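Chemist: Here is a sequence together with a model predicted from it:
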Amino acid sequence: MTSAPRLRMKKLMPLAYQALSDWHIVVSRTGAEAGLEPLLVELVKVRASQLNRCAFCLDMHVHEARELGERQARLDVVAAWHECGELFSRRERAALELTEAMTRLPEAGVPDDLYNRVAQVFTHEQIAALVMAIAVINAWNRLGVASGAMPPHRP
């Protein structure tokens, strides 16, 4: 794949692109107001981007997680968080599990037992904010993959 994207979505669909950008901003703001930790949200974005194979978003959110103080050792194993025991907190594990369920969206949807585990560590407002954050990153991932967006070269 070349370094130039197939489609420049911002130029070709400016109103739709701006609407998605605005949605992202609102979700980020309301998530913070609901008490979602910025680093937890970045881990969610990293995991969804891994599952969706969006190199552009994965690069961006790994970089942003590092800027928020995330350790490289944890970023290295986000894809295998299930096997990492207590390396990830109970809240992080619940958020990552919900991310996987919503990103893969099995025929059964998000199972009640998963929702109940999430509800044990997040308030209803936080769950709503988390669901919206997962939905937004999945939308960005799909645009990134379909348009062929590539990560910038970082030093």
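Modeler: Received the coordinates, thanks.

Chemist: Work out for me the element the spatially most central residue of the chain sits within.
Modeler: Centrality entry for the chain: nearest residue to the mean C-alpha point is K45, 1.8 Å, by C-alpha atoms, centre = their mean. According to DSSP states H and E, K45 maps onto helix 38-52.

Chemist: Go ahead and name everything in contact with whatever helix or strand comes next after that helix.
Modeler: Under the assignment DSSP H and E, the closest C-terminal helix or strand after helix 38-52 is helix 55-67. Helix 55-67 is contacted by residues 39, 42-43, 45-46, 48-50, 72, 75, 137, 140-141, 144, 149-152, 154 when judged by C-beta atoms under 8 Å, 6 or more residues apart in numbering. All C-beta spots, glycine's among them, are computed from the backbone N, C-alpha and C.

Chemist: and the helix or strand harbouring T103, how far from the chain's centre?
Modeler: Assessed by DSSP H and E, T103 sits inside helix 90-104. Its chain's C-alpha centre and that of helix 90-104 lie 10 Å apart, by C-alpha atoms, centre = their mean, to the nearest Å.

Chemist: could I have that helix exported to CSV, CA atoms only?
Modeler: Taking Å, rounded to 0.1, in the frame of the first residue of the first chain, the C-alpha atoms of helix 90-104 are listed here in CSV:
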residue,chain,number,x,y,z
ARG,A,90,-10.7,-4.4,36.7
ARG,A,91,-12.2,-1.3,35.1
GLU,A,92,-9.7,-1.6,32.2
ARG,A,93,-10.5,-5.3,31.7
ALA,A,94,-14.2,-4.5,31.7
ALA,A,95,-13.8,-1.7,29.2
LEU,A,96,-11.6,-3.8,26.9
GLU,A,97,-14.0,-6.7,27.0
LEU,A,98,-16.9,-4.4,26.1
THR,A,99,-14.7,-2.9,23.3
GLU,A,100,-14.2,-6.4,21.9
ALA,A,101,-17.9,-7.3,22.1
MET,A,102,-19.0,-4.0,20.4
THR,A,103,-16.3,-4.1,17.8
ARG,A,104,-16.8,-7.7,16.8
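
Chemist: Longest helix in this protein, by number of residues?
Modeler: helix 124-147 (DSSP state H).

Chemist: Now do that one: which elements does it pack against?
Modeler: On a contact count with 3 or more C-beta pairs under 8 Å, 6 or more residues apart in numbering; DSSP states H and E, helix 124-147 meets helix 14-34, helix 38-52, helix 55-67, helix 90-104, helix 112-119.
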